[in-house]
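# From the sequence below, what's the structure:
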Amino acid sequence: MSDGVLRLQGLRKSYNVGLPTEVEVLHGIDLKVGRHDFAALSGPSGSGKSTLLNVIGLLDSPTQGELFLLDRPTRAMGDDERTALRGSSIGFVFQFHHLIQAFTALENVLMPLMVTRGKPDAEATERARALLTAVGLESFAGKKPNELSGGQQQRVAIARALITRPALLLADEPTGNLDTHTAAETFALFRRFNEEFGCAVLVVTHDPRLSDSCDRTINLVDGVIVSDRVK
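Numbers count the residues shown, from 1 in each chain. Prediction:
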């Protein structure tokens, strides 16, 4: 398998295309992310980070250019094919956990598989339990989100993001609502899964402390990558 996970080629994104209010937010982005990369996408508010994240996560389509995920061109994909590829290849961790309150921690971790496969089998359940153990929550499998702290909920969200064994983990301001100690623990989990599973990690952040802790920092300003620094 190629080491390449993500490749953006001349990627542009505009809104209100064809209207007098048309505006281009991303201006010809070229970017490669490998399987072992542990990278930060940084930049000031309004730089286009969220737009770029949505395009990379296959939640939105570029206006021009191409996005290759695992060497597959995605721009011309239909919604069903795009959804299937996103579900199998990309894990998401957000600042807000988006856990389902009526479900237990174990059920929340299983949710991505339940969406695609229906009722989880024994192998899937065992994988979910193993991930909860890996994030230190094996004894909390039966707890509902309102019975967990913010940091514990974030760890459930990380386990959920990894249940499909994705090639790429996207984390959008993942420590923004956490105290310093819990944020450090969360970051250490990302590092561990990057090293153990070969899961490329791209952390979107405006926190220089977080970006400085990554192996690579991609700086986006006004929709253009102005620097791409590897330590």
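# show me where the chain has strands.
4-15, 23-34, 38-42, 64-69, 72-73, 90-94, 168-172, 200-204, 216-221, 224-230 (DSSP state E).
# Can you give me the neighbour number for S47?
For S47, the count of nearby residues is 21 (other C-beta atoms under 10 Å). All C-beta spots, glycine's among them, are computed from the backbone N, C-alpha and C.
# In this structure, mark out all the helices, start to finish.
49-56, 79-89, 105-117, 122-134, 150-162, 180-197, 208-212 (DSSP state H).
# can you list those helices in a markdown table and add distance to L67, mean pLDDT and mean neighbour count?
Below are those laid out as a markdown table (distance: least, C-beta to C-beta, whole Å; pLDDT from 0 to 100; neighbours: other C-beta atoms under 10 Å):
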| stretch | distance to L67 | mean pLDDT | mean neighbour count |
| --- | --- | --- | --- |
| helix 49-56 | 7 | 93 | 20 |
| helix 79-89 | 10 | 90 | 15 |
| helix 105-117 | 21 | 87 | 20 |
| helix 122-134 | 28 | 90 | 16 |
| helix 150-162 | 20 | 88 | 23 |
| helix 180-197 | 21 | 82 | 16 |
| helix 208-212 | 23 | 82 | 16 |
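# will you turn those into JSON lines that also has distance to Q95?
Shown next, in JSON lines, are the helices of the chain (distance: least, C-beta to C-beta, whole Å):
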{"stretch": "helix 49-56", "distance to Q95": "11"}
{"stretch": "helix 79-89", "distance to Q95": "19"}
{"stretch": "helix 105-117", "distance to Q95": "17"}
{"stretch": "helix 122-134", "distance to Q95": "20"}
{"stretch": "helix 150-162", "distance to Q95": "9"}
{"stretch": "helix 180-197", "distance to Q95": "11"}
{"stretch": "helix 208-212", "distance to Q95": "12"}
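# do you know which of those helices lies nearest R35?
Nearest to R35 among those is helix 180-197 (9.3 Å), distances taken as C-beta to C-beta.
# Quick one: list the elements packing against the closest one.
Applying 3 or more C-beta pairs under 8 Å, 6 or more residues apart in numbering; DSSP states H and E, one finds that helix 180-197 contacts strand 38-42, helix 122-134, helix 150-162, strand 168-172, strand 200-204.
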